[in-house]
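Novice: Here's a sequence, model it:
(chains A, B, C and D)
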2 protein chains.
Amino acid sequence: MKSYRSFKAGDVILWRGEPLEFVASMVQGVASLSKTLEDGRTQMVGLLLPSDFIGRPGRKQIEFDVTATSDVTLCCFDRVPFERLVDETPHVAQRLMELALDELDAARDWMLLLGRKTAREKIATFIEMLARRGRSNTSNLTAQSELPMTRDQIANYLGLTLETVSRQFNALKKEGIIDFKNRHQFEVKDIIALNEATGDDADGGVLS
Amino acid sequence: MKSYRSFKAGDVILWRGEPLEFVASMVQGVASLSKTLEDGRTQMVGLLLPSDFIGRPGRKQIEFDVTATSDVTLCCFDRVPFERLVDETPHVAQRLMELALDELDAARDWMLLLGRKTAREKIATFIEMLARRGRSNTSNLTAQSELPMTRDQIANYLGLTLETVSRQFNALKKEGIIDFKNRHQFEVKDIIALNEATGDDADGGVLS
DNA sequence: CGTGTTATTGATAGGTTTCAAGTTCGGTGG
DNA sequence: CCACCGAACTTGAAACCTATCAATAACACG
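Specialist: Modelled structure (predicted):
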């Protein structure tokens, strides 16, 4: 009933519409949920990080593709016994509800970003999000952080083109707000300015 | 524990961050969920129609404003007894989970629209959505439908400006795809063309 | 019938995309 | 170990779409 499965960067984990035979928990790596228009334009509609959950009780299929962004390891459970577990354990059902509501909040934040933010604001928001994670609270927010995707994937996440992503990264670098150790390691040099560049309300209670 | 409350078009039903004292079910009218950036740009992140539910078990506040788009009547329940009900009735908890997952799917469709669709595609998608509702299945999709919001509200829903909304409506009218009886009553004259204008995959199984 | 709100229409400006070269980087095989 | 090769990224110029600004028109309500 429980098993581990691995995927290499770029592998498709689940296709849209495919019958859902298992649910899973992310063990390591980054995966993305994405939707595609008829002519090939795509938009990521979610990001899966370690400890995130794939699958939904009561649904036999999903409306988006799930793709491994980096190498991914999943801990999978057969769907049928899992659903029995959910039915019998109110605590588990409640936890799944929590997760769904968290995802919904995240989706709505992203809708604001996609619909109303400029390219610069989108990039700043994305960087701030990455920098905030890992270094979960007080400790120095200005340390090295990992950029876990290519420019093209970032563009699909932010509703931009890869060229615009590249330009905005380098603009922020030129202004001394961030710096790159290499293409996938960056450091925030000026959190205040970064936060101002997001277009959001001041600090969100994280800055001193 | 149960009561009815009315709001006039434009009234704010709930402010972001306000402690949530009740949950509610929409009885009549249209309400919208929206988020606002520091400088006033706003984006609707959801639409509430009759029978939709407001509130989330286990959460004491919400991360967006809820505003009455038209005159609205709500059927309200005090939060505390409602949560007791949810805890004690697995069937209700399950139903709420369903609703949350439906909202999540809708939010993700909207992310694709906001991130990747052109103004024309956004308008076409919006119109098709309105036309599909009410007339829930087979019966003539090409009847009068109601436009339940102002151009400005539509713009905030689609991530556009009101001028662009107006121009795209009139472009589709000029092409004979839709027609307006007045500013808030329209008719779809050519569903095929409308569907093609959405940018989505063919028909979604609704056309013959 | 005014009067204010909502919608249309036009002209212009601006931000992103698109198209097109280059460049850097990491890995691979000679 | 180094040269090469392809993928990922950067950079530039032009085109295009949408926003912005501004004026007019249509509508709804008293």
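Novice: Grab the most central residue of chain A for me.
Specialist: Centroid-nearest residue in chain A, with C-alpha atoms, centre = their mean: A:L47, separated by 2.5 Å.
Novice: pretty sure it contacts A:Y157?
Specialist: Yes - the pair A:L47 and A:Y157 qualifies as a contact (C-beta atoms under 8 Å) at a distance of 7.0 Å. Where C-beta positions appear, they are placed from N, C-alpha and C, glycine not excepted.
Novice: any residues in contact with both of those two?
Specialist: Contact criterion C-beta atoms under 8 Å, 6 or more residues apart in numbering or on different chains; residues shared by A:L47 and A:Y157: A:S32.
Novice: returning to that earlier point: next one: phi and psi at the residue nearest to the centre of chain A?
Specialist: phi -130, psi 130 (degrees, to the nearest 10).
Novice: Leaving out chain neighbours, which residue sits closest to it?
Specialist: Nearest residue to A:L47, sequence neighbours excluded (C-beta to C-beta, 6 or more residues apart in numbering or on different chains): A:S32, at 5.6 Å.
Novice: and what of A:L96?
Specialist: Spatially, and ignoring its direct neighbours in sequence, A:L96 is nearest to A:P57 (6.2 Å; C-beta to C-beta, 6+ apart).
Novice: Near DNA strand D, which residues of chain A? Just list them.
Specialist: Listed as neighbours of DNA strand D in chain A under the rule C-beta under 7 Å from any atom of the strand: A:150-152, A:162-163, A:165-167, A:169-170, A:180, A:183-184.
Novice: which among the residues you listed end up buried?
Specialist: Neighbour-count burial (16 or more other C-beta atoms under 10 Å in any protein chain shown) is assigned, among the residues of chain A next to DNA strand D, to A:151, A:165-166, A:169.
Novice: how many other residues sit next to A:A93?
Specialist: Per other C-beta atoms under 10 Å in any protein chain shown, the neighbour tally for A:A93 reads 19.
Novice: Secondary structure class of it, three-state.
Specialist: Per DSSP: H, G, I helix; E, B strand; the rest coil, the local secondary structure of A:A93 is helix.
Novice: which ones are touching A:R133?
Specialist: Applying C-beta under 8 Å, 6+ apart to A:R133 gives the contacts A:L49.
Novice: where do the helices sit along chain A?
Specialist: Remark: helices assigned in chain A by DSSP state H are A:79-88, A:90-116, A:119-132, A:151-158, A:162-174, A:191-198.
Novice: and the last one, anywhere near DNA strand C?
Specialist: No - shown here: helix A:191-198 not in contact with DNA strand C (C-beta under 7 Å from any atom of the strand), separated by at least 11.8 Å.
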